[in-house]
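Peer 1: The sequence isn't on hand, but the structure is:
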């Protein structure tokens, strides 16, 4: 059962700490997707909620509209610590109202989501020059999706949404993230989405102390054959070159097939031109 409430804020805007963006908008506090690996779970300690992360959602309210002079031609991302198209967005339409304001501001908009609900706002994206919509995939195995990301749209629905957006002339991207060692098939992510995707990004599974035990328990329960690999990568004192080798493998494949791709792990951020 999700606890839904409202929370007043002074502004929807946050200065971005993500390279390439000026501002981030997180319309909601919390996220009902309940992804087992959610890196944003640390936000719970700032919210005052007794509920577990994934069991509450606060809808932000703000009396101050977005200001065109401040956002004119800036790069704005929705969102970094919540999904702007979580299932409750269908009812509350907060993200849709914010995007309408961004059109007036002539901002450059980047959407990151795991939900096919994003298609509802296709009419708005077509009014934003250079608008880009990105979907994140940890796997193309829908059984994994049901286990690890129970509130997320199915793999087929996300792929169909990419196809619809691409055909409508909207820039599309796929984030292969987070990649689960021994479980995620990054090549399958590319092969199943490539006809509808302009560029790719790949990121590792980062085991923050706050949720490391939860993720390892998930792996032990559902993918016990991979536990030795997880021990080598995440539990040993000596660093492993697993991510470095994986990044090189991904980039080599993408260069060979003329695919635009970036890898955000390994020794440095790397790029393969398409």
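Peer 2: Perfect, I can see it now. Note that the structure is predicted; figures quoted are calculated from it, not measured.
Peer 1: going forward, measure contacts between C-alpha atoms and count neighbours the same way
Peer 2: Noted.
Peer 1: Look up the closest residue to residue 119, ignoring the ones flanking it.
Peer 2: Distances taken as Cα to Cα, 6 or more residues apart in numbering place residue 161 nearest to residue 119, at 6.5 Å, with adjacent residues excluded.
Peer 1: Surely that neighbour touches residue 120?
Peer 2: No: between residue 161 and residue 120 there is no contact under Cα atoms under 8 Å: 10.1 Å.
Peer 1: Those two: which is more packed in?
Peer 2: residue 161 (21 against 12; other Cα atoms under 10 Å).
Peer 1: can you tell me the helix or strand for the more buried one?
Peer 2: Following DSSP states H and E, one finds residue 161 within helix 155-167.
Peer 1: which other helices and strands contact that helix?
Peer 2: With contacts defined as 3 or more Cα pairs under 8 Å, 6 or more residues apart in numbering; DSSP states H and E, the packing partners of helix 155-167 are strand 171-179, helix 186-193.
Peer 1: In a markdown table: these, plus distance to residue 225, mean pLDDT and mean neighbour count.
Peer 2: Formatted as a markdown table, the helices and strands packed on helix 155-167 follow (distance: least, Cα to Cα, whole Å; pLDDT from 0 to 100; neighbours: other Cα atoms under 10 Å):
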| stretch | distance to residue 225 | mean pLDDT | mean neighbour count |
| --- | --- | --- | --- |
| strand 171-179 | 17 | 98 | 22 |
| helix 186-193 | 19 | 98 | 16 |
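Peer 1: where's residue 262, which helix or strand?
Peer 2: Here residue 262 sits within strand 261-263, counting by DSSP H and E.
Peer 1: pLDDT on that strand, on average?
Peer 2: Regarding strand 261-263, the rounded mean pLDDT is 95.
Peer 1: Repeat that for stretch 236-246.
Peer 2: Stretch 236-246 comes out at a mean pLDDT of 91.
Peer 1: Make sure residue 6 is indeed in a helix.
Peer 2: No: Residue 6 sits outside any helix when classified using DSSP: H, G, I helix; E, B strand; the rest coil, being strand.
Peer 1: Find the nearest non-adjacent residue to it, please.
Peer 2: Nearest non-adjacent residue to residue 6 (Cα to Cα, 6+ apart): residue 59, at 4.5 Å.
Peer 1: Report pLDDT for that neighbour.
Peer 2: For residue 59, pLDDT reads 96.
Peer 1: same question, residue 268
Peer 2: 50.
Peer 1: if we can go back for a sec, in three-state terms, label the residue nearest to residue 6 for me.
Peer 2: Assigned with three-state DSSP, residue 59 falls in the strand class.
Peer 1: Sort out which residues of the helix holding residue 161 are buried, please.
Peer 2: 155, 158, 159, 160, 161, 162, 163, 165, 166 (16 or more other Cα atoms under 10 Å).
Peer 1: could I get the residues you listed as a markdown table with pLDDT and distance to residue 80?
Peer 2: Below are the buried residues of helix 155-167 laid out as a markdown table (pLDDT from 0 to 100; distance: Cα to Cα, whole Å):
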| residue | pLDDT | distance to residue 80 |
| --- | --- | --- |
| 155 | 98 | 21 |
| 158 | 98 | 19 |
| 159 | 98 | 21 |
| 160 | 98 | 23 |
| 161 | 98 | 20 |
| 162 | 98 | 20 |
| 163 | 98 | 24 |
| 165 | 98 | 21 |
| 166 | 98 | 23 |
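Peer 1: what's the closest of the residues you listed to residue 83?
Peer 2: residue 158 (14.0 Å; Cα to Cα).
Peer 1: Verify the stated contact: that closest one with residue 135.
Peer 2: Yes: counting by Cα under 8 Å, residue 135 is a contact partner of residue 158 at 7.3 Å.
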